[in-house]
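# let me see the structure of the following:
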Amino acid sequence: MTDKAKRSFKLPQPTWPDALVGLSTLFGLIALRGETRFAQPLNDSAFHMQMVRWAGGQIHHGRVPLDGWYPWLSLGSSFFHHYQSLPETLTAYAAAATGAGDRTAYLWLLYLLLATWPISVYAGSRLLGWGQWAAAGSAAVASLLISTPGYGFEWGTYIWSGIGLNGQLWAMWLLPLAWGLTWRSVKDGRRFAGAAIAVALTIACHFIAGYLALLTIGVWVIVLGAGRVLPRLLRAGVVAGGAMLIALWVLVPLIEGTTWTNSSETFRGSVFDDSYGTHQVLSWLVRGQLFDHGRFPIISLLFAAGLGVCLWKAPRDPRARGLLGVFVLSLILFCGRHSLGPVLSWLPGSADVQFQRFEMGVDLAAILIAGVGVATGVDALRRLWEQRLPGRYAVLAGAAAIALLVGVLEPAWSERYDYARTSAGYIDVQQTYDSTWGRKVGSLIAMVKSLGGGRVYAGMPSNWGKQYTIGYVPMYTWLADHDVDQVGFTFRTINSLSTDIEARFDETNLAQYEMLGIRYLMLPTGHAPPVPATLIASAGGSRLYRVATTGYFQVVDRSAAITADRMDVDQASLEWRSSDLALHNVYPGVAFAGGSAPAPTFAGAAPPRGKPGVVRPSTENSSGGIFSASVEMRRTAVVLLKASYDPSWTATVDGDAVKPVMMAPSLVGVTVGPGHHLVRFRYAPYGAYPGLLAIGLLSAVALAILPRRAALSRRIRFHR
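Below you'll find the model as predicted:
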């Protein structure tokens, strides 16, 4: 570097607001350090880590983990095809690149993203046009929220003793940047590419956060005033359209596959679908329970102060109107789909949106508004300081402001620190269980994997399974972390057509063990098997039983079809599931979503006497989406694979391609004639990803280049 360049290049000088952001980040790094240590995951982290391992396995075999058969939950599904899987995919690539291992990469990324979130909040506030103290104030309160519902931007949503929503954590980091960049693009016509990429990444990490980011762009158009509305609408269209083009690789498979994804009948009408209602949400807000559950409402008071300032500034300050606008939007959405009567149903895709999760928008808007309240207080303190002390002491005004703010926030910081250390203590205890009782149970898990051929049932969250634990961890969660195909860890993959069917599993009906391919029971010592079963082994306070079912494959007669779609597949098959017909090898076909009904394989009211066929040796490469069976068919019947139906299933009989059909309750089967045959099912991954990714890349490049070329052209014409 030349001397002239050295003189012209200057690093920005640190300021007191920078110090506050650094202090807030350091607080997170210290308080959360225990989260980097592995213990068997207690919550949704179990299946997020499972996703990382699946993606890592695909990478190891030379495949890009965008789609494939995800076999372990809800009878399997094309999970990555329909889910916000970018965080887990990036974690798997990070693990592969660093050699750190899947668990280590997952835990360290969680720790760093959560601890450094104040930096993202600070950057987002600055991009929205707020000063350093407002942005630093927002950063200072960002990590201190704790709410009654507990699904928002707070530590308990992510850490070991909390809920474990990994995808939302990545979106939490991205959303402040998406808000700030889209604000600048709509307001000033700048950074279209950066804004669109930020929104697209938010979509890919968390669909609901991305949905909120897109809706927010419309808020910016409204709050920026009545003048020059058309240019702002055009800019908003460019940003939103660009974001969706960049995210096509996520959106197109999601939308195309909607017909074949579950719309949960169990969730319908519950808080998970409709949220908590206007009265409850506003009650929490007014009583300080939305940001300060169970403690002195310091964040709520700072929010109230900032809200007053924004209301006072709103007539003349579009930044204040912007924060008020996103807060009101998020609050309405969080109140639920009935908060505005039928209006919210007009939103695209709203039938599949879980409105409860819009708590995240309320939290982020409140954090930014609280920062405005902090900045107003700091400005008042600084003016008072400068009036009463000589000029040479004015530089200390910032230090005094930080000291005062730290004192005001100290109860919240202490509570959050204690919460994080308590979680770390739970990890210590669980590690002891992992190395003792958990190691003993590992022998039973190894036996299940060695024997294979079917799924395991170890209880459910809705019954005794919640109390069947090793340490703090339920056995169904433990099995998920060890990639055991099971029935019972419900509502993890809600896109599977078998989601509600799994949740309604009747453990006393042996026919349901047959139809769901359950071959093993894992029970606590002293808990009697709910159906006839043979004890195989005991270890670590658990017993492993075998149930007399056919496992993954069964040869069945097909009876008259039932009619179902994604909205009612559970109820449509309930009468048949409640019977014992599966034990007699009789399964209905399914005329799904207006499709044709597969014809029965027998005439009359009942099939011929005797089994329609038997399954000889079978093999499964479940994570590769390949299942094969040798069958001896006594008559024309159906070879049934007990995996969730998906239109991407392909099949061959003796090497010849045949078309699979949907069988009750939500399974896949092929019709096979008499004789000995080799039947092979294979999941064929979605093939349009390269084209969709290319469109996204070209869109990002165009947004980066074309506005600059247009601006340069205008400047050239002006100078001429």
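# A142 contacts A366, doesn't it?
No. In this structure A142 lies outside contact range of A366 using Cβ atoms under 8 Å: 10.3 Å. Every residue, glycine included, has its C-beta placed from N, CA and C.
# buried set for the longest helix belonging to the chain?
Longest helix in the chain by number of residues (criterion: DSSP state H): helix 397-435. For helix 397-435, a neighbour-count test (16 or more other Cβ atoms under 10 Å) marks 397-398, 400-402, 405, 409, 412-413, 415-416, 419-420, 423-424, 426-427, 430-431, 433-434 as buried.
# where do the helices sit along the stretch 451-600 of the chain?
475-481, 499-503, 510-515, 569-577 (DSSP state H, counting those that start in this stretch).
# ok, the stretch 251-400 of the chain next?
271-274, 278-286, 298-313, 318-335, 359-388, 397-435.
# how about JSON lines for those, with mean pLDDT and distance to D102 added?
Output for these, formatted as JSON lines (pLDDT from 0 to 100; distance: least, Cβ to Cβ, whole Å):
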{"stretch": "helix 271-274", "mean pLDDT": "85", "distance to D102": "29"}
{"stretch": "helix 278-286", "mean pLDDT": "95", "distance to D102": "37"}
{"stretch": "helix 298-313", "mean pLDDT": "96", "distance to D102": "35"}
{"stretch": "helix 318-335", "mean pLDDT": "96", "distance to D102": "34"}
{"stretch": "helix 359-388", "mean pLDDT": "88", "distance to D102": "26"}
{"stretch": "helix 397-435", "mean pLDDT": "90", "distance to D102": "17"}
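# out of the ones you listed, which gets nearest to R634?
Closest approach to R634 among the helices of the stretch 251-400 of the chain is made by helix 271-274 (46.4 Å; Cβ to Cβ).
# residues contacting the residue nearest the centre of the chain?
Nearest to the mean C-alpha position of the chain, by Cα atoms, centre = their mean, lies G167 at 4.4 Å. Residues counted as contacts of G167 (Cβ atoms under 8 Å, 6 or more residues apart in numbering) are H48, Q84, S85, L86, P87, E88, C205, H206.
# what sits against the fourth one?
In this structure, L86 makes contact with G167, W170, L201, A204, C205, V250, judged by Cβ under 8 Å, 6+ apart.
# mind doing that once more with 7 Å?
A204, C205 (Cβ atoms under 7 Å, 6 or more residues apart in numbering).
# ok, now the first one?
When the contact criterion is Cβ under 7 Å, 6+ apart, the partners of H48 are E88, G164, N166.
# which of the contacts of G167 tops the neighbour count?
E88 (29 neighbours; other Cβ atoms under 10 Å).
# quick one: secondary structure of that one?
What DSSP: H, G, I helix; E, B strand; the rest coil gives for E88 is helix.
# element containing the residue nearest to it when sequence neighbours are not counted, please.
Leaving aside its sequence neighbours, E88 sits nearest to M51 (Cβ to Cβ, 6 or more residues apart in numbering; 3.9 Å). For M51, the host element (DSSP states H and E) is helix 45-60.
# remind me, longest strand of this structure?
The single longest strand within the chain, with elements called by DSSP state E, is strand 553-564.
# what does that strand contact?
572-573, 576, 585-592, 597-598, 600-602, 607, 611-615, 618, 629, 631, 633, 637-641, 664.
# what lines up beside that strand in the sheet?
strand 586-592 (parallel), strand 637-641 (antiparallel) (DSSP bridges).
# so where's the stretch 601-720 of the chain shaky on pLDDT?
708-720 (pLDDT under 70).
# show me where it has strands.
Shown for the stretch 601-720 of the chain, the strands assigned by DSSP state E, counting those that start in this stretch span residues 613-621, 626-633, 637-641, 649-653, 656-658, 661-663, 667-672, 675-683.
# CSV for those, including distance to Q58 and mean neighbour count?
What follows is the strands of the stretch 601-720 of the chain, written out as CSV (distance: least, Cβ to Cβ, whole Å; neighbours: other Cβ atoms under 10 Å):
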stretch, distance to Q58, mean neighbour count
strand 613-621, 13, 16
strand 626-633, 14, 19
strand 637-641, 21, 27
strand 649-653, 18, 19
strand 656-658, 25, 10
strand 661-663, 26, 26
strand 667-672, 22, 24
strand 675-683, 12, 18
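# reformat those strands as JSON lines; add distance to L29.
JSON lines is the format used below for the strands of the stretch 601-720 of the chain (distance: least, Cβ to Cβ, whole Å):
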{"stretch": "strand 613-621", "distance to L29": "42"}
{"stretch": "strand 626-633", "distance to L29": "45"}
{"stretch": "strand 637-641", "distance to L29": "49"}
{"stretch": "strand 649-653", "distance to L29": "47"}
{"stretch": "strand 656-658", "distance to L29": "56"}
{"stretch": "strand 661-663", "distance to L29": "51"}
{"stretch": "strand 667-672", "distance to L29": "48"}
{"stretch": "strand 675-683", "distance to L29": "42"}
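# those: which one's closest to A539?
Comparing the strands of the stretch 601-720 of the chain by Cβ to Cβ, strand 613-621 comes nearest, at 24.9 Å.
# tell me, how many residues neighbour V252?
17.
# residue contacts, it?
V252 touches A688, L692, counting by Cβ under 7 Å, 6+ apart.
# gap between it and L581?
Shown here: V252 relative to L581, a distance of 39 Å by Cβ to Cβ, to the nearest Å.
# now do Q50
Taking Cβ to Cβ, one finds Q50 at 33 Å from L581.
# got the domain ranges for this structure?
28-258+273-410, 444-546, 553-683 (automatic domain parsing).
# distance to W16 for the ones you listed - can I get that in TSV?
Formatted as TSV, the domains of the chain follow (distance: least, Cβ to Cβ, whole Å):
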stretch	distance to W16
domain 28-258+273-410	3
domain 444-546	42
domain 553-683	53
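# and V395, what pLDDT?
Per-residue pLDDT puts V395 at 62.
# give me the neighbour count for G610.
G610 has 9 nearby residues by other Cβ under 10 Å.
# tell me who's in contact with it.
G610 neighbours (Cβ under 7 Å, 6+ apart): R634.
# got the angle between the longest helix of the chain and helix 298-313?
140 degrees (axes from the mean of the first three to the mean of the last three Cα atoms, to 10 degrees).
# using PDB, write out the CA atom coordinates for stretch 497-504.
Listed next in PDB are the C-alpha coordinates belonging to stretch 497-504 (Å, rounded to 0.1, in the frame of the first residue of the first chain):
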ATOM      1  CA  LEU A 497     -49.300 -37.100   4.600                       C
ATOM      2  CA  SER A 498     -48.900 -39.500   7.500                       C
ATOM      3  CA  THR A 499     -48.500 -36.700  10.100                       C
ATOM      4  CA  ASP A 500     -52.000 -36.800  11.600                       C
ATOM      5  CA  ILE A 501     -52.300 -40.500  11.200                       C
ATOM      6  CA  GLU A 502     -49.200 -41.000  13.300                       C
ATOM      7  CA  ALA A 503     -50.600 -38.600  15.900                       C
ATOM      8  CA  ARG A 504     -53.800 -40.600  16.100                       C
END
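# what are the contacting residues of that stretch?
Contacts for stretch 497-504 (Cβ under 7 Å, 6+ apart): 74-75, 260, 262, 264-266, 487, 490-491, 493, 569-570, 644-645, 665-666.
# and S330, how many neighbours?
What S330 shows, counting by other Cβ under 10 Å, is a neighbour count of 23.
# using the three-state scheme, assign the residue nearest to the centre of the chain.
helix.
# same check, this time on the one 4 residues further on
Reducing the assignment at A171 to three states with three-state DSSP gives helix.
# going forward can the numbers begin at 702, since that is how I track them
Renumbered: residue one is now 702, and that last one reads A872.
# returning to what we had before: for the helices of the stretch 952-1101 of the chain, give me a markdown table that also has distance to Y859.
Listed next are the helices of the stretch 952-1101 of the chain as a markdown table, based on distance: least, Cβ to Cβ, whole Å:
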| stretch | distance to Y859 |
| --- | --- |
| helix 972-975 | 18 |
| helix 979-987 | 21 |
| helix 999-1014 | 18 |
| helix 1019-1036 | 19 |
| helix 1060-1089 | 12 |
| helix 1098-1136 | 10 |
